[in-house]
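> Model the following, please.
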Amino acid sequence: MAKNDVECCQENHVHKNLIDMVNQKLPDVDVLYDLADLFKVFGDSTRIRILLVLFESEVCVCDIAETLNMTQSAISHQLKILKQNKLVKARRDGKTVYYSLADNHVYNIIGQGLDHVME
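Next up is the predicted model:
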């Protein structure tokens, strides 16, 4: 067997009780599509870099652009996507808008993702 091949059962035996239990716990199809869409947002390295900046501190668009060596326009475009997906939130202070991660769930996703890839 090649190194990348997936091992399969040598005989076809369906475990009906297990399948029934799993099917009862699976979310509705709409929820699964929403989850897949959420993970697509994480599929862009620029958005990941922005999230990692925000993982460390609340910052304004100017600071993110400077940190990532990108234009404010490019950062704003990505922040819009992140905000639409409820991953970041904004806070206005005078003429400056500060961005941060939306909640502890986002911190956990980023933190656990980093832990996973750095193992």
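
> can you pull out the helices in this protein?
16-25, 29-41, 45-56, 61-68, 72-84, 104-118 (DSSP state H).

> Identify whichever of those helices lies nearest to residue 92.
Distance to residue 92, taken as Cβ to Cβ, is lowest for helix 61-68 among those, at 11.8 Å. (Glycine included, C-beta is placed from N, CA and C.)

> Next, format the helices of the chain as CSV and append distance to residue 93.
Output for these, formatted as CSV (distance: least, Cβ to Cβ, whole Å):
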stretch, distance to residue 93
helix 16-25, 44
helix 29-41, 26
helix 45-56, 16
helix 61-68, 13
helix 72-84, 16
helix 104-118, 21
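
> Distance to residue 5 and mean neighbour count for those - can I get that in JSON lines?
As requested, the helices of the chain are exported to JSON lines (distance: least, Cβ to Cβ, whole Å; neighbours: other Cβ atoms under 10 Å):
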{"stretch": "helix 16-25", "distance to residue 5": "24", "mean neighbour count": "8"}
{"stretch": "helix 29-41", "distance to residue 5": "26", "mean neighbour count": "11"}
{"stretch": "helix 45-56", "distance to residue 5": "30", "mean neighbour count": "17"}
{"stretch": "helix 61-68", "distance to residue 5": "40", "mean neighbour count": "16"}
{"stretch": "helix 72-84", "distance to residue 5": "37", "mean neighbour count": "15"}
{"stretch": "helix 104-118", "distance to residue 5": "24", "mean neighbour count": "12"}
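
> So, low pLDDT: which residues of this structure?
1-4 (pLDDT under 70).

> Excluding chain neighbours, what is closest to the most centrally placed residue in the chain?
For the chain, residue 42 is the residue whose C-alpha lies nearest the centre (Cα atoms, centre = their mean; 4.0 Å). Nearest residue to residue 42, sequence neighbours excluded (Cβ to Cβ, 6 or more residues apart in numbering): residue 48, at 6.4 Å.

> and the closest residue to residue 32 other than its chain neighbours, how many neighbours?
Leaving aside its sequence neighbours, residue 32 sits nearest to residue 26 (Cβ to Cβ, 6+ apart; 7.7 Å). Counted by other Cβ atoms under 10 Å, the residues lying close to residue 26 total 9.
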